[in-house]
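Trainee: return atomic coordinates for the entry below.
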Amino acid sequence: MTDPVVFENDNPKKNLFLSIHAVSKHNQNCKCGSKNCTWHSKSDFTNESILKAVNYYGGGEVLVLCNSRSDVEKLKQHMQTNLPNKKVEFYHAGLGDDSRSATQEKFVIGNIDILVATNASFGVGINLPLVLKVIVIRTPMSIQTISQAIGRGWRKGQQYYVDFYIKEADIIKNRIMLDKEAIGMRSTYRKYALDSFDAVQYLVPNSAADKSKCLLNIILQGVNAASTFLAVPYSDLQDFKKTNSTVRLCNRAK
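Mentor: Alright, predicted model coming up:
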């Protein structure tokens, strides 16, 4: 494109509660501060805190995202077995078109409680008005994938929650895999892919090391977007401060 005109419009996520549960060889247990979190260095998708996190929600309200199809199918079965009162389904590119369309429609209207899907397969551009909880298990390959996962909720302006469950070991494995794949990429896309993963590597340790930082703004920096600021009318300020003081430090609005 020659001399394009670019219009950029902010879309601040004012009702987002974002938590990153991260562990490493130095921090064997998650230090997020949540009393229900049991995420540790040997955890996988069967971790008890993930089941607790989704058990409070109803039809069409929970979307769980994983990297691989095999993890999606195993997690679906695990959740259905341990949450028999919930309707759980899975969604990935290996399913037929008719099956994916039917599952998507059921989830959007609330006939499925929990949908487990691969990161890339579900939710981009789809109106998900009921989603209140998004869970991402294992480290996404790009900061854009993280940004898209966050965007799955909030379609009606409602309060919603996003939790990432990340292990340093997965980041190392992904980096090795990406370096191998990058050899065959065109130079411009190779730089884009590597820079995007560098942003993921920046996000995780910063979220764990400095709880005073706004996690959403760290992600916005990673996708080269402007930081978002919350403007509160003076008449609402006291109520806002009271509510803000009750949430964990990493979730408090600046």
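Trainee: when you work out contacts or count neighbours from here on, use the C-alpha atoms and nothing else.
Mentor: Noted.
Trainee: select the longest helix from the chain.
Mentor: helix 187-209 (DSSP state H).
Trainee: any idea which element Glu89 lies in?
Mentor: Assigned by DSSP states H and E, Glu89 falls within strand 88-91.
Trainee: how far does that strand sit from the chain's center?
Mentor: For strand 88-91, the distance from its own C-alpha centre to the chain's C-alpha centre is 17 Å (C-alpha atoms, centre = their mean, to the nearest Å).
Trainee: what does it contact?
Mentor: Strand 88-91 is touched from outside by 72-73, 76, 79-80, 100, 103, 112-118, 121-122, with contacts defined as C-alpha atoms under 8 Å, 6 or more residues apart in numbering.
Trainee: how about the strands in this protein?
Mentor: Counting by DSSP state E, one finds strands in the chain at the ranges 16-23, 62-66, 88-91, 114-118, 133-137, 160-167.
Trainee: relative to strand 133-137, how tilted is the last one?
Mentor: Angle, strand 160-167 to strand 133-137, by axes from the mean of the first three to the mean of the last three C-alpha atoms, to 10 degrees: 10 degrees.
Trainee: and strand 160-167, average pLDDT?
Mentor: Averaged across strand 160-167, the pLDDT comes to 88.
Trainee: dump that strand to PDB, restricted to CA.
Mentor: Extracted in PDB, the C-alpha atoms of strand 160-167 (Å, rounded to 0.1, in the frame of the first residue of the first chain):
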ATOM      1  CA  TYR A 160     -14.900 -11.000  32.900                       C
ATOM      2  CA  TYR A 161     -11.800 -12.900  34.000                       C
ATOM      3  CA  VAL A 162      -8.800 -14.300  32.100                       C
ATOM      4  CA  ASP A 163      -6.300 -16.700  33.600                       C
ATOM      5  CA  PHE A 164      -3.000 -17.900  32.000                       C
ATOM      6  CA  TYR A 165      -1.400 -21.100  33.400                       C
ATOM      7  CA  ILE A 166       2.300 -21.000  32.300                       C
ATOM      8  CA  LYS A 167       5.400 -23.000  33.000                       C
END
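Trainee: perfect, I'm done here.
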